[in-house]
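Undergrad: Quick one, what's the 3D model for this:
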Amino acid sequence: MFRRFCVLTAALAAMAVPFIGCSASQVDIITVSPATQALAVGQTAQFSATGTIGHGKHPSSSTDVTSVVAWTSSAPAVATISSSGLATAVSAGTTTITASMKGFSGNISATAVITVTGSSGGGTGTADITAVTVIPGTQAVASPGQTSSFIAIGSTSTGATEALTNQVAWTSSSNQIATINSAGVAVAASKGTATITALFTNPDKSIASGTATFQVVGGTTEEVTALAVFPGTQALIQSQQTQFFVLGTQGDSGLQVDETSAVEWSSSNTDVATVGTSGNGTPGLATAVGAGTATITAKFTNPDKSVVIATADLSVTIGAAQEPLLSIQIVPGDVTVSNKGMTAQYLAFGTYSTSPTIRDITNSVTWISTLPEVASINSCGSGPGANCGSSTSGGASGGIPGEYAGVATSLGYTGNSVIYAIDNTTNPDGTVVLSNPQTFTCKDALAQVCIQTVPTPQFATVTVFIQGAQTAPSGEYVTAPSDTGTPDLIHCGQQYTGSGGQVCTGTYEVGSKVTLTENLAAGSKYFGGWSTGSGCVDPSTGTPLTPAQLATSTTCTVSVNGQAGLNGNLSVGVIFY
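TA: Numbering: from 1, shown residues only. Now for the predicted structure:
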């Protein structure tokens, strides 16, 4: 009976229960962290011990054994150590710290070295935590339901270490794969890999963090129960290409996964359009072959052989006159990220008057981020109309050919940047279409990198006024784009109000430059020049224009510098006579 009990105990140990039965631990080896430590007299340092279970056929696993091992110091006169692993520096010198316990195959131990220098003059004090180490750095369990313990060790600016396991905020990058509680115990939920983060906030609100990787090796991923193809409709001209994407929704968890490369793609009419699939081109990349319509199908087969299908409609024309774009809608909605470098993919859908009325125009618009310190966004893609190499106000010039446009990237500053898409081609009626706005936010409450606050932009008003007798023919007007590139923010001229001229304004961020252009009617010589003292400068040198240049130049560049005396307004006069 006793033998059977021990066998059962070992089986339970193989399921990541570290200390059960037969009075012997299942731990094969232990490690001590930190391996070396320098202290001044009076300072303390927290040591931790991690036990690893490596025998058996299951993946190796680790657990915190700090409170289980016996702690000793080879030279207590140099440094002492408590039963919980807290070392205290006593006098100058070196001592070896040993952690020992009974393991699976006998007594096991591990050591660390403490070097003590002279008096610290102030004990441990209140030095900030500057770094956090999560132990173990990588961990794997066999299947959902199993657990693993993580510990957090903080390092201060003085070189001391502290146990922070119960003081940090623990988070998992994917609760569908693993959850973690306030004590650092992670629970496997489904097959996959998650990043475990320990976040510590100092009294002065500065933040330090550390990460580890938690992998669930076995088990089964939830079945895909639904697919969605983006875009749902698309219109191309012969020889153009467009990229389709697929998101799969998994079971009860609702986890959405990019399955673009995992599905089987097909076209209902290859004389109209072909589509790449795994092993034969780029998955989801459709090419317009000839005029007509085709249904693009994405088929996903689950491990249990169940099948999920989604479709999109594609129409192809041989060539078409420019069609007016009515509006632009961008998705997803507002996005919040927690780390520098995190991204969000925005898609732009244009509404047209003829079928298909909704079309993916992500690669043919210019993307704008109003606060580039918070998020950059690229305007470069591989699809029709991709404008690789063009600058965007989001701070990203062009992009990498082959990538999809509309990728916003966090630059690590706290704040809210508004994302827009602008149609690159002016409609036949001369209008330019601007999309609905969406907000991209980096929030400092979620991670330590989003802690720098972007200064609030300051703005000034540029006022343009037309003066003088109105004997010129119609057609003269002054224009200037916005500081983000939108055309005709200022559009001022007599033809809009009749005789007597016009006054119009535009708001610009302080520090920007505004170039006003005089548009003279063909064959007309009635432009009298910019008014003296208007602030017009040579755009290449920044030097003020001379009176002769003011009278003949058709452009005037002014700096929106917000200096005293402007009172937030910069006035530029234009004389027609």
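Undergrad: Can you get me a residue count around Ala142?
TA: When neighbours are counted by other C-beta atoms under 10 Å, Ala142 registers 19. The C-beta positions use only the backbone N, C-alpha and C, and glycine is treated the same way.
Undergrad: now Ser109
TA: Counted with other C-beta under 10 Å, Ser109 comes out at 16.
Undergrad: what does the domain assignment say about the chain?
TA: 1-125, 224-317, 325-453, 459-576 (automatic domain parsing).
Undergrad: how about the ones you listed, which one is nearest Val134?
TA: Nearest to Val134 among the domains of the chain is domain 1-125; the distance by C-beta to C-beta comes to 10.5 Å.
Undergrad: Tell me the helix or strand right after the helix or strand bottoming out on mean pLDDT in the chain.
TA: The helix or strand of the chain with the lowest confidence, counting by mean pLDDT, DSSP states H and E, is helix 2-13 at a mean of 33. Remark: after helix 2-13, the chain's next helix or strand is strand 29-33, criterion DSSP states H and E.
Undergrad: So what's the model's average confidence on the next helix or strand after that next one?
TA: Going down the chain from strand 29-33, the next helix or strand is strand 36-41, by DSSP H and E. Mean per-residue pLDDT for strand 36-41: 84.
Undergrad: Longest strand of this protein, counting residues only.
TA: Criterion DSSP state E: the longest strand present in the chain is strand 106-119.
Undergrad: how about low-confidence regions in the stretch 251-400 of the chain?
TA: 252-256, 319-323, 380-400 (pLDDT under 70).
Undergrad: For Gly406, see how far away the spatially most central residue of the chain is.
TA: Residue closest to the average C-alpha location in the chain (C-alpha atoms, centre = their mean): Met342, at 2.0 Å. Met342 sits at a distance of 15 Å from Gly406 (criterion: C-beta to C-beta, to the nearest Å).
Undergrad: Equivalent analysis for Gly54, please.
TA: Distance from Gly54 to Gly406, by C-beta to C-beta: 47 Å.
Undergrad: Contacts only, for the closest residue to Ile29 other than its chain neighbours.
TA: In space, and not counting its chain neighbours, Ile29 is closest to Thr52: 5.2 Å by C-beta to C-beta, 6 or more residues apart in numbering. Contacts for Thr52 (C-beta atoms under 8 Å, 6 or more residues apart in numbering) come out as Val27, Asp28, Ile29, Ile30, Thr31, Ser60, Ser61, Ser62, Pro136.
Undergrad: Now restrict these to buried residues only.
TA: Among these, those classed as buried by neighbour count (16 or more other C-beta atoms under 10 Å) are Val27, Asp28, Ile29, Ile30, Thr31, Ser61, Ser62, Pro136.
Undergrad: I figured the third one hits Ser109, correct?
TA: The one in question is Ile29. No: taking C-beta atoms under 8 Å as the definition, Ile29 is not a contact partner of Ser109, at 9.6 Å.
Undergrad: from memory Ile97 sits against Ile114, does it?
TA: Yes: between Ile97 and Ile114 there is a contact at 6.0 Å, judged by C-beta under 8 Å.
Undergrad: if I look at Gln234, how far off is Thr277?
TA: Distance from Gln234 to Thr277, by C-beta to C-beta: 17 Å.
Undergrad: Same check on Thr543?
TA: 61 Å.
Undergrad: More neighbours: which of the two?
TA: A count of neighbours by other C-beta under 10 Å puts Thr277 above the other of Thr543 and Thr277, at 19 against 8.
Undergrad: Quick one: residues contacting that one.
TA: Glu264, Trp265, Ser266, Pro283 are the contacts of Thr277 under C-beta under 8 Å, 6+ apart.
Undergrad: The nearest residue to the third one once chain neighbours are set aside and Leu236: what is the separation?
TA: Nearest-residue entry for Ser266: Thr297, 4.9 Å, with adjacent residues in sequence omitted and distances by C-beta to C-beta, 6+ apart. Thr297 sits 17 Å away from Leu236, taking C-beta to C-beta as the criterion.
Undergrad: higher neighbour count, the two?
TA: Taking neighbours as other C-beta under 10 Å, Thr297 and Leu236 compare with Leu236 leading, 21 against 17.
Undergrad: Any figure for the gap between the spatially closest residue to the more buried one that is not a sequence neighbour and Val462?
TA: Excluding the flanking residues, the one nearest Leu236 by C-beta to C-beta, 6+ apart is Ala288, at 3.9 Å. Separation of Ala288 from Val462 (C-beta to C-beta): 45 Å.
Undergrad: Check Thr72 too.
TA: Distance from Thr72 to Val462, by C-beta to C-beta: 76 Å.
Undergrad: So those two - more neighbours on which side?
TA: Ranked by neighbour count (other C-beta under 10 Å), Thr72 and Val462 place Val462 first, with 23 against 16.
Undergrad: does the more buried one sit in a helix or strand, and which one?
TA: Counting by DSSP H and E, Val462 is part of strand 459-467.
Undergrad: Just give the strands next to the helix or strand following that strand in its sheet, each with its orientation.
TA: Using DSSP H and E, the helix or strand that follows strand 459-467 towards the C-terminus is strand 477-480. The strands beside strand 477-480 in its sheet (DSSP bridges) come out as strand 490-492 (antiparallel), strand 513-519 (antiparallel).
Undergrad: Give me whichever of those is most buried.
TA: Among the strands paired with strand 477-480, the stretch with the highest mean neighbour count (mean count of other C-beta atoms under 10 Å) is strand 490-492, at a mean of 20.
Undergrad: Find the nearest non-adjacent residue to Ala291, please.
TA: Ile318 (5.1 Å).
Undergrad: can you count the residues close to the one you found?
TA: 10.
Undergrad: Asn166 now?
TA: Asn166 has 11 nearby residues by other C-beta under 10 Å.
Undergrad: Report whether it is found in a strand, as I expect.
TA: No: Asn166 is assigned coil when assessed by DSSP: H, G, I helix; E, B strand; the rest coil, not a strand.
Undergrad: Thought Ala183 was touching it, still the case?
TA: Yes: Asn166 is within contact range of Ala183, at 6.3 Å (criterion: C-beta under 8 Å).
Undergrad: As JSON lines, the buried ones among the contacts of Thr52 with distance to Leu550 and pLDDT would be great.
TA: Converted to JSON lines, those look like this (distance: C-beta to C-beta, whole Å; pLDDT from 0 to 100):
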{"residue": "Val27", "distance to Leu550": "85", "pLDDT": "86"}
{"residue": "Asp28", "distance to Leu550": "86", "pLDDT": "86"}
{"residue": "Ile29", "distance to Leu550": "83", "pLDDT": "89"}
{"residue": "Ile30", "distance to Leu550": "82", "pLDDT": "91"}
{"residue": "Thr31", "distance to Leu550": "77", "pLDDT": "91"}
{"residue": "Ser61", "distance to Leu550": "79", "pLDDT": "76"}
{"residue": "Ser62", "distance to Leu550": "76", "pLDDT": "80"}
{"residue": "Pro136", "distance to Leu550": "72", "pLDDT": "83"}
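Undergrad: follow-up on the earlier one: helix, strand or coil for the residue nearest to Ile29?
TA: strand.
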